[in-house]
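# Pasting the sequence and the predicted model now:
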Amino acid sequence: MITMRLRSKYQNFYIVLFTVILFGVIVTGFFQFWPHTQETERERRNLFTIPDLNSVPEVKILSTSQPAHKGDITCSHYECLDVYRCGKDANMISVYIYPVKKYIDENGIIITNTLSKEFHEVLTTIASSSFYTAEPEKACLFIPSIDMLSQNTLRTHENGQVLAQLPRWNHGLNHLLFNILPGTVPDFNTSLDVPRGKAIVAGGGFSTWTYRSGFDVSIPVFNPEVSLILLPEVDIKADRKYLAISAQIGIHPDFRDELDDLANSHSDILILDRCESGNEDETDTSKMCKGNDQFRYPHVLQDATFCIILRRARLGQPALSDALKAGCIPVVVIDTYVMPFADVLDWTRASISIREEELERLPDILSLTSSTQIQLMRKQALFYWENYFKSMGQIALTTLQIINDRIFPYMKKSYASWNEPSKENTISPFFLPKMPPKAEGFTAVVLTYNRVESLFKIIREIAKTPSLSKILVVWNNQEMSPPAATTWPKISKPLKVVQTKENKLSNRFYPYDEIETECVLALDDDILMLNPDELEFGYEVWREFPDRLVGYPGRLHTWDEATGKWKYESEWTSSTSMVLSGAAFYHKYFNFLYTHRMPSVIKMWVDENFNCEDIAMNFLISNVTGKPPMKVTPKKKFKCPECIITGNLSADPKHMETRSECISDFAKIYGIMALKSVEYRADPVLHIDNVPEELKRFKNVGDI
């Protein structure tokens, strides 16, 4: 009886416990999956809408209202921008757009321009972006919903009055205005004439006299009609019918005369103008003419290698955007013009700029551009169009990103991010840590064959490097065994020797299990010139750039017009595109890629010809990351005089010729020139400063 009561008692307990648990699960699920009324960030962004313009509230601006102050030409990022309003929630600017209103004067006449399709796209794109905030208290930038893209019909004084009455105007501080066509007849000023105080201007026609560098943003002159035209794909490697085309109307007569002279003496230069019609008011922008010959526009631009861009009444020209769309390399002949997004885009990669007085020398100047350079510039022009010029939405977001980079420089996009076309076949090693731990150190992998004396010297020297974790000697001689264990140098760091089965240069890049650190230092057994300070500094630089090849001997690839091939340069130059793996740091991940993912034909060539393994590694890393190598310290001499008599490969006269062939062959295999040139070198702080030696951390960094 007692047993039955206990069983009944516990049975009731478990039933109650199960009921409580079930109820908790149901309640949790209800709150987890039932639709919430809480606003999401996306919903907050969508709070901005552009209403029917017939129903927006009207605001009357009195003629006696004070306008905003005239634009402050002395404004800079540090004086006319309150950065303390920015980054309250994240390392990103937040942008507030004023509600759309209809501003009228005392006579009931509308002051502001009707919202154009282009400005509508600017506002809606920003409102749907991660930059937008619906809360003005959290905003870093304020954008008035007043269309000032074109000054042609703008009532400048009255629009200045409208700006001054905005609730958060504050003399224009932290306000951004978009303007593509500045100025009006007869002066056509190169900056917006509306009184605007301290506001930032994203303008389409700046000159170097009106552009406030680091504050304003130079934007393209957008051509809405051409942007909608679908052009056929054209092979960027194909030759084109014309060397250069000019397809602008309204060019100054002096420029027109010079162009006609060029066309008369060069049959491959085509000069187009407006097609004549019975009605002067009718203009078919889809056609351009030369005499009675008609050409489809902008399709005809695809028939030219270069497109000539000249000033008209305004500096900024839609012809620049049209040329980029057609993959036609712009030749910009506009003195003092500030190119669009000049702060971040490297226009030397996509265009040619010449002075107006040099126009008559145009054919000679263009003839200096190699066919390889033309292909690269076409590709870059198309890249700029697709990413920054294609729509007003892209122009608006690019503008905000540039301003964001100025306010948060430590989070800004890199030069490569702005200017490097992405490659579909790349493997981005994003998992690599941004700053590997210093305590882990590096593993020195020394490739050797039979130079025992110099090998032992190197081991003794690099063992003094504080961050060295282990030395791994790759013994590449199958005919001779490594020295006896008792003869090796006695050092305080672990020393391991692996003997390879075949004498191959690629053995230095094998992913050995003995490599336990992320960082690898590849060393030849004849590099006796590097001291512990130089090695330690090189490792510190690699920790900041773990996706780069960081090394000491720098080399360069150049294009040889005479042979039509790439050339290997070992002379001292201001540029570097390779660092030799005879003394270089890199992430061990690239050992895996070299052994298992690199095109096998390259690895086979290296092993069969006993050369170019370092060039192959440079190609591999630059192709994967899209970044150039990093050269460290001024040291340039890496010869081992006593090693020449023992068969140094680089002493062979054919060595340089073979390495040039490697570069050309590897470029063909990859399908692109993967190597990236850079004019940069990392040196220790205080290295050459005249200060007491005890203040210098790396005291023994060589000068040559």
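Noted; the coordinates are in hand.

# Could you use CA atoms for every contact and neighbour count after this?
Will do.

# which stretches of the stretch 601-704 of the chain form helices?
Taking DSSP state H, counting those that start in this stretch as the criterion, the stretch 601-704 of the chain carries its helices at 613-625, 655-670.

# out of those helices, nearest to Val678?
Each of the helices of the stretch 601-704 of the chain was checked against Val678 via Cα to Cα, and the shortest separation belongs to helix 613-625, namely 11.9 Å.

# neighbouring contacts of that closest one?
Applying Cα atoms under 8 Å, 6 or more residues apart in numbering, the contact partners of helix 613-625 are 426-429, 505-506, 547-549, 578-582, 590, 593-594, 598, 602-603, 606, 627-629, 662-663, 666, 674-676.

# would you turn the helices of the stretch 601-704 of the chain into CSV with mean neighbour count and mean pLDDT?
Rendered in CSV, the data for these read as follows (neighbours: other Cα atoms under 10 Å; pLDDT from 0 to 100):
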stretch, mean neighbour count, mean pLDDT
helix 613-625, 22, 94
helix 655-670, 17, 91
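
# Now distance to Pro220 too, for the ones you listed, in JSON lines please.
As requested, the helices of the stretch 601-704 of the chain are exported to JSON lines (distance: least, Cα to Cα, whole Å):
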{"stretch": "helix 613-625", "distance to Pro220": "30"}
{"stretch": "helix 655-670", "distance to Pro220": "34"}
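
# quick revisit: identify those among the contacts of helix 613-625 that sit within strands.
578-579 (DSSP state E).

# Surely Asn531 and Ile459 touch.
No - contact status for Asn531 versus Ile459: not in contact, 11.3 Å apart, counting by Cα atoms under 8 Å.

# could you pull out the strands for the stretch 351-500 of the chain?
Counting by DSSP state E, counting those that start in this stretch, the segments of the stretch 351-500 of the chain that form strands are 352-353, 442-448, 468-475, 495-499.

# now, of these, which is deepest in the fold?
Comparing the strands of the stretch 351-500 of the chain by mean neighbour count (mean count of other Cα atoms under 10 Å), strand 442-448 comes out on top with a mean of 24.

# then that one to CSV, C-alphas only?
Output for strand 442-448, consisting of C-alpha atoms alone and laid out as CSV, is shown next (Å, rounded to 0.1, in the frame of the first residue of the first chain):
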residue,chain,number,x,y,z
PHE,A,442,57.9,32.3,-37.3
THR,A,443,59.5,29.2,-38.7
ALA,A,444,62.6,29.6,-40.8
VAL,A,445,62.7,27.2,-43.7
VAL,A,446,66.2,27.0,-45.2
LEU,A,447,66.7,25.3,-48.5
THR,A,448,70.2,23.8,-48.9
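
# What residues sit buried inside stretch 404-413?
Of the residues in stretch 404-413, those with enough neighbours to count as buried (16 or more other Cα atoms under 10 Å) are 404-408, 412.

# In helices only, show me these.
Secondary structure of the buried residues of stretch 404-413 is defined by DSSP state H; positions in helices are 404-407.

# Enumerate every residue touching the closest residue to Arg155 other than its chain neighbours.
Here the nearest residue to Arg155 in space, its sequence neighbours aside, is Ile111; by Cα to Cα, 6 or more residues apart in numbering that works out to 6.6 Å. Residues touching Ile111, when contacts are defined by Cα under 8 Å, 6+ apart, comprise 103-105, 155, 158-159.

# now swap in Pro253 and tell me
Counting by Cα under 8 Å, 6+ apart, Pro253 has no contacts.

# Give me the pLDDT for it.
According to the per-residue confidence, Pro253 scores 90 in pLDDT.

# Count residues in the vicinity of the closest residue to Phe389 other than its chain neighbours, would you?
The spatially closest residue to Phe389, leaving aside those adjacent along the chain, is Ile395, at 6.0 Å (Cα to Cα, 6+ apart). A count of neighbours around Ile395, defined by other Cα atoms under 10 Å, yields 23.

# closest one to Val331 among the helices of the stretch 601-704 of the chain?
Nearest of these (Cα to Cα): helix 655-670, 28.2 Å.

# Tell me which stretches of the stretch 101-250 of the chain form strands.
Using DSSP E, counting those that start in this stretch, the strands of the stretch 101-250 of the chain run over residues 102-104, 141-143, 176-179, 200-203, 217-218, 242-246.

# packing partners for the fourth one?
Looking back up the chat, that one is strand 200-203. For strand 200-203, the contact count by 3 or more Cα pairs under 8 Å, 6 or more residues apart in numbering; DSSP states H and E identifies strand 176-179, strand 217-218 as packing neighbours.

# Most tightly packed of those?
With a mean of 28, the top stretch among the helices and strands packed on strand 200-203 by mean neighbour count (mean count of other Cα under 10 Å) is strand 217-218.

# Select only the buried ones of the contacts of Ile111 in PyMOL?
The PyMOL command for the buried members of the contacts of Ile111 (criterion: 16+ other Cα under 10 Å) is given here:
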select buried, resi 103+104+155+158+159
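
# which residues sit in contact with Ser321?
Under the criterion of Cα under 8 Å, 6+ apart, the contact partners of Ser321 comprise 220-223, 385, 389.

# which secondary structure element contains it?
Taking DSSP states H and E as the criterion, the element that holds Ser321 is helix 318-325.

# now that helix and strand 242-246, what's the angle there?
Per axes from the mean of the first three to the mean of the last three Cα atoms, to 10 degrees, the angle that helix 318-325 makes with strand 242-246 is 150 degrees.

# quick one on the thing from earlier: wait, which of the helices of the stretch 601-704 of the chain is closest to Ala263?
Ala263 lies closest, by Cα to Cα, to one member of the helices of the stretch 601-704 of the chain: helix 655-670, at 37.2 Å.

# now the angle between helix 613-625 and that closest one, please.
Helix 655-670 and helix 613-625 meet at an angle of 30 degrees, taking the same axes, to 10 degrees as the criterion.

# Which strands or helices does helix 655-670 pack on?
Packed against helix 655-670, as judged by 3+ Cα pairs under 8 Å, 6+ apart, are the following elements: strand 565-569, helix 613-625.

# go again using 10 Å as the cut-off
Judged by 3 or more Cα pairs under 10 Å, 6 or more residues apart in numbering; DSSP states H and E, helix 655-670 is in contact with strand 554-560, strand 565-569, helix 600-609, helix 613-625.

# possible to save these as TSV with distance to Thr124?
Formatted as TSV, the entries for those read as follows, by distance: least, Cα to Cα, whole Å:
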stretch	distance to Thr124
strand 554-560	46
strand 565-569	48
helix 600-609	50
helix 613-625	34
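
# separation between Val333 and Cys307?
Counting by Cα to Cα, to the nearest Å, the gap from Val333 to Cys307 is 10 Å.

# closest to Thr74 among the contacts of Ile111?
Using Cα to Cα, Asn159 is the member of these that sits closest to Thr74, with 21.8 Å.

# pretty sure the closest one contacts Tyr103?
Yes - counting by Cα atoms under 10 Å, Asn159 does reach Tyr103; the two are 9.0 Å apart.

# Tell me the residues that contact both of the two, please.
In the contact map built from Cα atoms under 10 Å, 6 or more residues apart in numbering, the residues linked to both Asn159 and Tyr103 are 61, 111-113, 146.

# I'd like to know which of those residues is nearest to Thr124.
Sorting those by distance to Thr124 puts Ile146 at the head of the list, at 13.4 Å, by Cα to Cα.

# Please tell me how far that closest one sits from Pro224.
Taken as Cα to Cα, the span from Ile146 to Pro224 is 19 Å.
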